[in-house]
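**Q** Structure here, sequence nowhere to be found:
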């Protein structure tokens with residue numbers, strides 16, 4: 001019963017992750033008026049779910065067995081980490097702050113492990129790439145967005161802005177879908193890692209192998225969260241940070257999608273919000 005309860009709490013975290021991070025997937029496509037908010041969340045949620053069928057679980061392995069020594073923790077540590085991350089997500093959602101659900105989960109997990117078993121429970125080598133990419137991932141997104149926008153401006157500078165943006169309105173559907181696939185595969189895997197780590201800790205699994213039902217359940221939870229949408233953060237991301245035209249939205253989403261997919265294949269847990 002305890003294991004089932006913690007799995008449900010993990011899926012609630014996953015739902016809230018999608019709920020908050022729907023802003024990342026749809027803010028640009030809504031702010032450029034390519035899609036209405038309702039159609040945009042349907043588009044993003046569908047591709048969050050589709051991502052379940054295309055990728056390996058490198059990020060899940062990093063989260064589940066690469067940050068904390070599983071032999072040193074128990075089910076209550078995992079539950080405490082999840083509850084701490086959920087609390088932070090709700091606080092930042094209420095105030096419309098685009099913070100990282102990923103880093104909240106990792107911090108909550110580590111903090112609970114330290115409280116239970118001390119600093120020796122932390123696998124410091126597993127944190128190296130994650131800590132580096134807290135700074136690198138936003139820079140990657142910024143640099144790639146800059147390069148893509150420069151290329152677009154160079155290629156289409158002699159054409160009328162209205163005709164260029166008309167074409168990019170269609171292309172932005174593709175870039176938004178790619179971003180949502182990257183978001184789904186990166187963020188859903190964090191919940192998969194926690195649930196699989198729980199199953200190993202509780203002796204339900206003999207080794208760290210992510211069950212197919214955990215993969216599907218995690219993607220379904222994050223897709224449902226995206227479908228409901230965190231509108232407070234959509235407003236912040238879509239209108240208070242920068243103003244974009246469809247060409248700029250395409251470049252921003254494409255840069256974000258590339259960053260997410262590269263880090264997902266590398267097993268690096270990054271913030272889909274910050275990059």
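**A** Cool, the structure landed. If you're wondering where the values come from, they're calculated on a predicted model, not measured in any experiment.

**Q** what are the phi and psi values for residue 69?
**A** When read as degrees, to the nearest 10, the backbone of residue 69 gives phi -70, psi 110.

**Q** Can you get me a residue count around the closest residue in space to it that isn't next to it in sequence?
**A** Residue nearest to residue 69 in three dimensions, not counting chain neighbours: residue 121, with 5.1 Å by CB to CB, 6 or more residues apart in numbering. No exception for glycine: its C-beta is placed from N, CA and C like everyone else's. Using other CB atoms under 10 Å, residue 121 has 20 other residues around it.

**Q** now swap in the one 4 residues further on and tell me
**A** When neighbours are counted by other CB under 10 Å, residue 125 registers 9.

**Q** Model confidence for it, exactly?
**A** You'll see residue 125 listed with a pLDDT of 88.

**Q** where's residue 83 relative to residue 223, distance?
**A** When distance is defined by CB to CB, to the nearest Å, residue 83 is 23 Å away from residue 223.

**Q** More neighbours: those two, which one.
**A** residue 223 (26 against 16).

**Q** what helix or strand does that one sit in?
**A** helix 212-228 (DSSP states H and E).

**Q** Show me what counts as buried in that helix.
**A** Judged by neighbour count using 16 or more other CB atoms under 10 Å, the buried positions of helix 212-228 are 214-215, 217-227.

**Q** Stretch 62-72 too?
**A** 62, 63, 64, 65, 66, 67, 68, 70, 72.

**Q** which ones are touching the fifth one?
**A** What that stands for is residue 66. Residue 66 sits next to 123, 126, 267 when contact means CB atoms under 8 Å, 6 or more residues apart in numbering.

**Q** Now list the buried members of the residues you listed.
**A** Buried, going by 16+ other CB under 10 Å: 123, 126, 267, out of the contacts of residue 66.

**Q** Please report how far the residue nearest to residue 69 lies from residue 92.
**A** The gap separating residue 121 from residue 92 is 27 Å, by CB to CB.

**Q** Please work out how many residues are found near residue 105.
**A** Neighbours of residue 105 (other CB under 10 Å): 29.

**Q** any idea which helix or strand carries the residue nearest the centre of the chain?
**A** The residue lying closest to the centre of the chain (CA atoms, centre = their mean) is residue 187, at 3.5 Å. Take DSSP H and E as the rule and residue 187 turns out to sit in helix 161-201.

**Q** need the helices for the chain, in chain order.
**A** Assigned by DSSP state H, the helices in the chain fall at 2-31, 37-50, 58-65, 75-94, 101-117, 124-156, 161-201, 212-228, 231-235, 246-265.

**Q** Tell me who's in contact with residue 111.
**A** Residue 111 neighbours (CB under 8 Å, 6+ apart): 81, 84.

**Q** measure it to residue 47 for me?
**A** To residue 47, residue 111 is 33 Å away according to CB to CB.

**Q** about what we covered before: packing partners for the helix holding residue 223?
**A** Here helix 212-228 touches helix 2-31, helix 37-50, helix 161-201, going by 3 or more CB pairs under 8 Å, 6 or more residues apart in numbering; DSSP states H and E.

**Q** can you list contacts of it?
**A** 11-12, 14-22, 25, 41-42, 44-46, 48-49, 51-52, 57, 180, 184, 187-189, 191-192, 195-196, 199.
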